Every structure is written in structure tokens, then in C-alpha cells.
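Asker: please find the sequence and the predicted model below.
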There are 2 protein chains.
Amino acid sequence: MGMNNSVVFCKNCPRNHYGVCSGIETILNQDREFHPLKSQNLPAKQYVFYQGESPVKTYILRQGWILLTQVSAQGKRQVLRSVLPGDVFGFQTDLNKPFSYSAMTLQDSIVCCVPDLLQMCGRYPELFIKLIWEEESEKKLAEHYMVNIAHGSAREKISFMAFELYQRLKSRGLNKAHVIPFPFKQEDIADTLGMSVIHVNRTLHKLEQDNLLSLHKHELKLLDCEKLATLVGMDFLELDSCEISDVA
Amino acid sequence: MGMNNSVVFCKNCPRNHYGVCSGIETILNQDREFHPLKSQNLPAKQYVFYQGESPVKTYILRQGWILLTQVSAQGKRQVLRSVLPGDVFGFQTDLNKPFSYSAMTLQDSIVCCVPDLLQMCGRYPELFIKLIWEEESEKKLAEHYMVNIAHGSAREKISFMAFELYQRLKSRGLNKAHVIPFPFKQEDIADTLGMSVIHVNRTLHKLEQDNLLSLHKHELKLLDCEKLATLVGMDFLELDSCEISDVA
DNA sequence: TAGAAAACTTAATCTATGTTAATTCTAATA
DNA sequence: TATTAGAATTAACATAGATTAAGTTTTCTA
């Protein structure tokens, strides 16, 4: 398996102004005790770690797309969230607790490894803030999905998922107008939203007929952003960004 | 409205060994710059804050039961989570962002106010760890609900909710054998799980017939913990507790 | 304590979504 | 380029759970 290790520099990274990354870059520049990060090149459909394994380090996605999935006791697969470039994943305060989910690449990806994130945070409270902001964002996202899955119809669920990913990619400049990469199989969509694949398929076709969105060849077009936003709940449009500092 | 303010001391608080509370107690004991907390006595069915308001401080529930709810753009109410004694609520890194949810007491409650949590964290990384652990727990809880709501049948959903609350109360010693207080209306259960009230009712009766659990007069009995655990997915039994320290 | 409002219960009907099964399309590989 | 496995599609049928409507019981309050 072509897992390629090398040292990377945040200086050249297109994500170095985003969230936790920006905090880490600053620290690496000024504190020689922390070494530059190592990275791994991973092909598509490769696991970074498995549910049940013990965590040893924290990861940041530099490029690509990663899916966090969990298999329930009943054997059903649930997609927890998409990790997009700049996002942290695999972080846990308690290293003795095994991962409750797996991480798999959906595209060829580059992943940065952070061996000592908590130590860096202890030394630099600004970084701590960024980390807690990240956790907060992930919590909110999970809550959003919870609300949507609980109360939404099939078309609302799928529209929500599309819109959510569009927004998150857009905030990183990874969209092209109203088009984004969308490397999901219909089965992945089903496992994200708790629907059957068949119904995902039916609903996708209806959404395209109604000129709301279209999905072909792993490319998603939002055909009518206005209508979609209404369908999904406008309030969601507000995007978070991480710029807090007042820590004492 | 009988909102009663007073100064409280963590020393006498039954929650002072739990999560963020334990961190705060330690700091208040050793650092005179931070003053003892003020508390509010709130009767049942009172809002602590509303969706849309701006946050000014962080709260910790000392006693009682608080529900976090959100009204979606389509006007549906979703219960996000129960705040139990010892839990933080109303925390946000960004004070400029309005609350996306309301907080309401389900029982008479006592709430402690923390005006400067982030400042304390900046000074004491141990507290920061506890706060991030809290966020992590809340994220995991939301994910658990997400999975359950997405893939579970009505009886699985309700069993999960019951079991989840039982576990969380038990970890604080707030259960009596297999019985816990359960101050929900059936409508609240419906709004938590995305079901209709009628179906909640039907399902509760079936669960009692099948000797799994019974709910009367706001008291919930787990009649068959074994079966419930299986129904809900055993892996969930593992409880988190907060005891991490290695911050450099 | 009576009266009203809120919460709960039960039954009948309807619908969105799941299930099963078979067919076509697509992309990977030899 | 032919072969094959995986993914997407379509249709027929089944069902869990929503909705509507009409009680009953409990809780609040005057």
C-alpha cells in the first residue's frame, strides 16, 4: 500500500490560515521545541485508523476527503461526518479510550500528523481556543444533522447534506461557483442520513427534476441556491469562522 | 418571577468532583483573583436564555434539570440535549454569535454563573482540558443520538433515550437502583426523537407490556437492563469520565 | 372544590419510505 | 478491447409511523 511519509511545512500549505492549522503554523515558527509535521500520502479508499484502535496522535487533513464512519451494534454503518481540508480528526482527550469510529479516504489525500497537540495547547492557550472552537463546530454540525434527520423529509435531508457540504467547502475556497466535488456513493449518502439507497436514488432524481440540485460523476451542482436555502432553513447560512483571542 | 440570586461555594456542592466543576473548585481555592460563583434559583418551566440572545456568561447546573431546545426554520421544536447536574451549558467561544438554542428548566433548578470561564482556562490548562472533555462528550452524545435517530425503530429510539439518561444520571449517583426521575412530557420525548406524540405513547405502552421499561408520574423504571442494553447496543455502556492531565 | 386547561390515550385511516428483485449502466482490470 | 464487479436505476409491494379525530384522565388555578 503506497503510504508515503514525508515532512511538510505549513508555510506552503493552502490551509495555513484555517482554524487549528493557523495556530500550529504560528507555534512551529516561533518554538523550536516542536518539530515540523510529518505527513502521509494516502490513496482513495484507504483507512487511516479503525474503530476499536487506540489513538496515538492527532491528524489534520491537508488535501482530499475523509469520511468518519461507525458500525453500530446492530451492524449498520453510520457516516458521522466528512473531514474536509483543514479539519482536525482523530483527536481525543483520553488516549486510553479506543476510537469509536473509523476514518477512510474517499479521494487520494494528504494527512498531517500531530504527535503532541495537547502539549502544544498547554503551552499556547491561543491554540487551545482554536481546538475548542473546532470541537464546538463539530458538535454543532452533529446537532444540525440530528435535527435534520429527526424532522426532515427525504428531500430535506438530502438538500441539507448537499448544502452543508457546499457551505463548508465554500468557506475554504474549494467550490467552483455552485459546483463542488462530491465523492460519495449513493450508499454513503444513505448511511449518512439513515435512508435506504433506493430512496436516496428516487429522491435525487426528483430533486433534479425540480431543478434544485444535480449530482453526476461525483460532481454536485446547486441549481437553485435560494430555494435550497429555504428548504434547509435559512438560519443555517451563517458560517462560523474562528477568530477569538481574549484568553487573559 | 422568583429568580433568587446568591453566592454559592463549591465546597458544599455535591457536584464538586465532577468534570469542569472539579477544575473550578480547585482554582477558586487557590486563586483569589477569581471570586466565588453566584447562583440563581429558578422554578420549573423557566427559561435561562432564549435562542437568538447573545451569550454573556457560562452556566453550570448545580441542581435540577434543564432542556436545550431549538426551533427550526420550519417551526418544529427539537430538543438538543438534557443538561444534568454538573454539566456546563451556554458556553461558546465566540460571544458575538447569538445562541442557536434556548435553555429551559424542567424542574426547580439551581444554576451557577461563571462570568470568565475562558480567562480561567487561559490561566489554568487543567481546566481547559476539562472544558474540552465536556465539549467532546457533548459531541459524542449528539452523534449517538444522530445514529440512533437515523437507524433506529421507535422502540429502539425510546429505549436509547431512556438508557442514555439513566447512564448519565447513574454516573453522578442520581439514580435509585434502576429508577430515575424523568421530567419529560411525551411531547418532549417526541421532540427529542423526531416522532409524533401519538407514536411515542403507543411505543411506551408496548415497551411496558414487553417488560422493558415503565414510565409513570415522571419516574422511569428500567425493568430489564440486560435486554435494553442489547436493544440499544452494548458498546454504549462504556461511560466516559474526565481524568486526563498530561498537558506538559 | 369546581371548572378549565393541559396531558395522555385509543382507534381508524393514510402516506412516505423501506424491501425485494430484476435490469441497466459504469468503471476497473486483464 | 472484452470481462466482470460494482454502482445506479426502476418497478411492485409491504409497513412503520404520521395524521386526524375523539375521547379520558390529570393537573392547575380561581
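Answerer: It's in. Numbers count the residues shown, from 1 in each chain, chains lettered A, B, ... in the order given.
Asker: beta partners for the residue nearest to the spatial centre of chain A?
Answerer: Among the residues of chain A, the one closest to the centroid is residue A:83, at 2.1 Å (C-alpha atoms, centre = their mean). Taking DSSP bridges as the rule, residue A:83 bridges to residue A:66.
Asker: pretty sure it is touching residue A:62, no?
Answerer: No: at 11.0 Å, residue A:83 does not count as touching residue A:62 under the criterion of C-beta atoms under 8 Å. Using the backbone N, CA and C atoms, a C-beta is placed for each residue, glycine as well.
Asker: quick check: which element contains the closest residue to residue A:9 other than its chain neighbours?
Answerer: With C-beta to C-beta, 6 or more residues apart in numbering or on different chains as the criterion, residue A:9 has its nearest non-adjacent residue at 5.8 Å, and that residue is residue A:36. Element membership for residue A:36 (DSSP states H and E) is empty, with no helix or strand holding it.
Asker: against chain B, how distant is residue A:36?
Answerer: Here residue A:36 is placed at a distance of 19 Å from chain B (C-beta to the nearest C-beta, to the nearest Å).
Asker: next, give phi and psi for that residue.
Answerer: Backbone torsions for residue A:36, taken as degrees, to the nearest 10, come to phi -60, psi 150.
Asker: in terms of pLDDT, where does it sit?
Answerer: Listed pLDDT for residue A:36 reads 91.
Asker: how far is the stretch of helix or strand residue A:200 belongs to from where the chain is centred?
Answerer: If you go by DSSP H and E, residue A:200 is part of helix A:197-209. Helix A:197-209 sits 24 Å away from the centroid of its parent chain (C-alpha atoms, centre = their mean, to the nearest Å).
Asker: what's the answer for stretch A:159-177, then?
Answerer: 11 Å.
Asker: can you check stretch A:49-59 too?
Answerer: For stretch A:49-59, the distance to the chain centre is 16 Å (C-alpha atoms, centre = their mean).
Asker: elements contacting the top helix by length along chain A?
Answerer: When chain A is parsed with DSSP state H, its longest helix is helix A:125-151. Packing contacts for helix A:125-151, counted by 3 or more C-beta pairs under 8 Å, 6 or more residues apart in numbering or on different chains; DSSP states H and E, involve helix A:19-30, strand A:77-83, helix A:117-123, helix A:154-170, strand B:77-83, helix B:117-123, helix B:125-151.
Asker: recalculate using a threshold of 6 Å.
Answerer: helix A:19-30, helix A:117-123, helix B:125-151 (3 or more C-beta pairs under 6 Å, 6 or more residues apart in numbering or on different chains; DSSP states H and E).
Asker: tell me if I am right that residue A:59 is in a helix.
Answerer: No: counting by DSSP: H, G, I helix; E, B strand; the rest coil, residue A:59 is not found in a helix; it is strand.
Asker: wait, it sits on residue A:90?
Answerer: Yes: at 4.6 Å, residue A:59 counts as touching residue A:90 under the criterion of C-beta atoms under 6 Å.
Asker: CA-only coordinates of stretch A:105-112, as CSV, when you get a sec.
Answerer: Only the C-alpha atoms of stretch A:105-112 are listed here, as CSV (Å, rounded to 0.1, in the frame of the first residue of the first chain):
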residue,chain,number,x,y,z
THR,A,105,-10.2,8.4,2.5
LEU,A,106,-12.8,9.0,-0.2
GLN,A,107,-10.2,10.5,-2.5
ASP,A,108,-6.4,10.5,-2.7
SER,A,109,-5.5,12.5,0.4
ILE,A,110,-2.6,14.0,2.3
VAL,A,111,-2.8,13.9,6.1
CYS,A,112,-0.6,15.8,8.6
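Asker: tell me the buried residues in it?
Answerer: A:105, A:106, A:109, A:110, A:111, A:112 (16 or more other C-beta atoms under 10 Å in any protein chain shown).
Asker: now that stretch: how far from the chain's centre is it?
Answerer: 12 Å.
Asker: same check, this time on stretch A:39-52
Answerer: On C-alpha atoms, centre = their mean, the centre of stretch A:39-52 falls 14 Å from that of its chain.
Asker: near chain B, anything from that stretch?
Answerer: No: with C-beta under 6 Å from any C-beta of the partner chain as the criterion, chain B is not reached by stretch A:39-52; the gap is at least 9.6 Å.
Asker: average pLDDT across that stretch?
Answerer: 95.
Asker: hmm, residue A:7 and the residue nearest to residue A:9 touching each other?
Answerer: Yes: applying C-beta under 6 Å as the test, residue A:36 and residue A:7 come out as touching, 5.3 Å apart.
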